[in-house]
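**Q** here is the input, now give the coordinates:
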Amino acid sequence: MSVELYPGMTVSGIGTVPLEAVARDGGLKAMLDLLAGVHPAPPMAATLKFGLSEVEEGRVVFKGLPSAEHLNPLGTVHGGWAATIMDSALGCAVMTTLNPGEAYTTVEFKVNLVRPLLPGMGEVFCEGKIVHRGRTLATSEAWLKDKNGKLLAHGTETCAIFPVENLMR
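**A** Model prediction:
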């Protein structure tokens with residue numbers, strides 16, 4: 001069953017990527033399958049109106065539509081919305097480097113919000129890229145931009161890499 005996250009962004013469904021698929025296939029194939037609709041988009045994609053649009057090893061792009069549903073008390077899009085799409089791009093860039101049997105989790109991330117996000121500004125794009133992939137740690141960087149390429153936020157992330165079995169208990 002297809003689900004429209006916002007006009008122009010449809011996903012195959014809402015759910016999670018089966019850990020068995022990540023254990024068997026590794027992160028890049030799991031991410032490519034998510035993009036192809038084999039795996040469903042995570043529940044937060046429907047709530048926050050953003051989704052995956054590009055995947056390659058070490059790089060992902062998410063598109064999103066900040067709206068009035070995401071406003072803070074002053075009428076700008078809450079910084080948590082920007083941080084969430086950025087954490088997704090930062091973490092999923094790392095996920096594309098996982099070998100079969102590996103998983104990851106965010107250890108820390110930093111986001112610099114350089115311009116306000118406003119309802120009605122249209123679709124935004126968040127590109128995440130791997131900076132370093134070690135045995136147990138990986139770092140990534142990301143940029144959130146508007147439809148004209150103007151920088152809205154940038155950030156970095158460190159992820160821990162560990163056996164996927166640790167999540168399957």
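**Q** all helices of this structure, in order?
**A** 19-25, 27-36, 43-48, 79-95 (DSSP state H).
**Q** can you map out the strands along the chain?
**A** 3-6, 9-11, 50-56, 59-64, 102-113, 124-133, 137-145, 151-163 (DSSP state E).
**Q** who's in contact with the second one?
**A** Strand 9-11 is contacted by residues 2-5, 37, 40-41, 45, 49-51, 53, 63, 65 when judged by C-beta atoms under 8 Å, 6 or more residues apart in numbering. (C-beta placed from N, C-alpha, C; glycine too.)
**Q** top of those residues by number of neighbours, please.
**A** Phe50 (27 neighbours; other C-beta atoms under 10 Å).
**Q** surely that one touches Asp87?
**A** No - applying C-beta atoms under 8 Å as the test, Phe50 and Asp87 come out as separate, 11.2 Å apart.
**Q** quick one on the thing from earlier: so which of the helices of the chain is the most packed in?
**A** Comparing the helices of the chain by mean neighbour count (mean count of other C-beta atoms under 10 Å), helix 79-95 comes out on top with a mean of 24.
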